[in-house]
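Chemist: Need the 3D shape of this:
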Amino acid sequence: MNNLISRPPRGFIRVPSAVPGITVFAPPLKKEKLDEVVAFSCPQCGGETAYSVEDGGLTCIYCGYHEVQQVESVGRSAETFEFTLDTVERAAQGWGEARKELQCQSCGGQISLPPGALTTACPFCASNKVIHHHAAQDVLRPRFLIPFQIDEQRCHQIGRQWLGDTWLVPKELRRMASIVNFTPIYLPYWTFGSTAVASWRAQVGRTETYRSRGKTRRRTVWRWETGHVRHTFTDLLTHGTNHVSLHLLAQIGDYDLQALTAYEPKLLAGIQSQAYEISLEDAWQTARQTMREDIKQKCRSQATTNKIRNFSMQLDFEDESWRYILVPMYINTYYFENKPYQLLIDGQTGKIAGQRPADWRKIGLLSAGLMLPGILLFLFFLFFMPDVYGSGGGFWSFIIFLGGMLIDIAIALRAQKLDKV
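Modeler: You can find the predicted model right below:
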């Protein structure tokens with residue numbers, strides 16, 4: 001009898017039991033069946049092929065052979081997954097093709113490279129202190145991605161124009177703009193969805209007027225109010241990388257998820273990519289906090305006035321779901337006077353965000369020039385025309401000086417934003 005209990009039925013395996021002394025058997029988890037690791041080589045010359053932004057096909061970088069691929073967008077209807085151990089364990093792993101991995105010894109970044117790539121510099125910090133090895137196949141596989149819509153030629157035009165479109169940068173940077181190169185790369189993102197259900201309670205104050213000793217006075221009367229909020233979040237984007245400036249990613253903004261396409265290894269042919277550095281659990285905690293703050297504001301907006309104290313909220317999440325996706329990005333990290341600066345261009349829309357050095361010497365000379373007329377006019381009236389100075393000349397010279405100073409402050413604030421990380 002004991003021998004029968006220790007042997008699972010056909011098609012079952014022994015699994016952990018929550019009750020001591022009880023043996024539990026269950027069907028084994030079935031891994032999701034996706035394509036095995038494949039390689040994309042030219043059928044004519046055997047050379048390396050690369051993804052073409054123009055039509056989504058594969059083009060040989062050696063003989064020019066082109067193969068059109070049929071790729072359909074699934075958009076926001078792309079499948080989402082529940083937060084269960086079973087779902088994560090069933091998820092496919094790896095990239096679906098044999099890829100190399102570049103590990104930077106300076107910033108710690110890890111990049112997945114297509115086979116045959118000769119990249120010797122890190123796209124995040126431009127360091128050439130890198131190590132190549134085979135890419136790990138034990139991480140979650142992306143299920144969807146947004147293909148590149150902006151080609152490299154257009155990307156370079158956007159970058160050159162942006163680097164030289166302000167007089168606040170040094171002249172040398174404008175000359176450098178003509179030789180700036182961008183690296184196309186897919187960055188990891190998570191999308192989350194959930195229905196948030198909240199109940200809140202707070203004291204809400206109303207201002208009332210009353211008469212006391214013949215005078216009209218005001219006082220705040222506090223009363224308890226309660227309310228309920230139910231809101232569904234859909235496709236909340238959370239970044240999965242730690243090696244790109246969050247400030248710059250925020251400027252890029254959200255992606256159009258209507259362009260989501262089912263992941264296929266051929267879409268990464270010839271393009272670098274990065275596996276997630278922020279785990280599903282950590283990304284979900286970040287998304288929950290974002291949802292929590294949004295629900296909190298919705299609860300507070302239900303109060304009859306904006307005077308609120310002793311606010312409390314009970315919040316539950318239902319129907320949590322997630323996706324692991326890749327988004328297209330062009331990255332350039334350049335050095336100016338031994339300081340690194342990073343540029344990002346959205347591979348879907350062409351929107352740019354980046355850092356530029358400010359020419360503080362030029363800005364200082366301009367600031368002095370703007371304030372100098374007010375100072376000279378003040379001194380002229382004071383020493384050579386004291387009558388005019390006393391009858392308003394001093395006032396107007398001060399106004400001119402103040403105007404120049406305000407313009408200087410505005411220029412300085414704008415210059416400080418150029419290289420903000």
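Chemist: pLDDT below threshold where in the stretch 1-150 of the chain?
Modeler: By pLDDT under 70, the low-scoring segments of the stretch 1-150 of the chain are 1-21, 24-94, 96-98, 115-120, 133, 135-138.
Chemist: Kindly report the same for the stretch 151-300 of the chain.
Modeler: For the stretch 151-300 of the chain, the stretches with pLDDT under 70 are 174-179.
Chemist: Walk me through the domains of this protein.
Modeler: Split into domains by automatic domain parsing, the chain comes to 30-192+232-288+320-354, 193-231+289-319, 360-416.
Chemist: what helices or strands is the strand or helix carrying L315 leaning on?
Modeler: Per DSSP states H and E: L315 is located in strand 308-336. If contacts are counted by 3 or more CB pairs under 8 Å, 6 or more residues apart in numbering; DSSP states H and E, strand 308-336 sits against strand 81-82, strand 144-145, helix 152-163, helix 171-176, strand 183-212, helix 280-301, strand 339-346. Every residue, glycine included, has its C-beta placed from N, CA and C.
Chemist: Give me the angle between that strand and helix 280-301.
Modeler: If you take axes from the mean of the first three to the mean of the last three CA atoms, to 10 degrees, strand 308-336 sits at 130 degrees to helix 280-301.
Chemist: Throw the helices and strands packed on strand 308-336 into TSV and include distance to P265, thanks.
Modeler: Formatted as TSV, those follow (distance: least, CB to CB, whole Å):
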stretch	distance to P265
strand 81-82	20
strand 144-145	11
helix 152-163	21
helix 171-176	36
strand 183-212	12
helix 280-301	21
strand 339-346	23
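Chemist: Look at C155 and say how many residues are nearby.
Modeler: A count of nearby residues for C155, using other CB atoms under 10 Å, gives 24.
Chemist: contacting residues for it?
Modeler: F182, P184, Y330, I345, G347, G350 (CB atoms under 8 Å, 6 or more residues apart in numbering).
Chemist: pretty sure the third one is touching F182, no?
Modeler: In this case it means Y330. Yes: contact criterion CB atoms under 8 Å: Y330 and F182 qualify, at 4.0 Å.
Chemist: Of the two, which one has the most company?
Modeler: Of the pair Y330 and F182, Y330 is the one with more neighbours under other CB under 10 Å, namely 25 against 21.
Chemist: per-residue confidence at that one?
Modeler: At Y330, the pLDDT value in this model is 94.
Chemist: Q272 - how many residues pack around it?
Modeler: Using other CB under 10 Å, Q272 has 20 other residues around it.
Chemist: ok, the nearest residue to it once chain neighbours are set aside - how many residues close by?
Modeler: Once flanking residues are discounted, Q272 sits nearest to I185: 4.4 Å by CB to CB, 6 or more residues apart in numbering. By the criterion of other CB under 10 Å, I185 has 22 neighbours.
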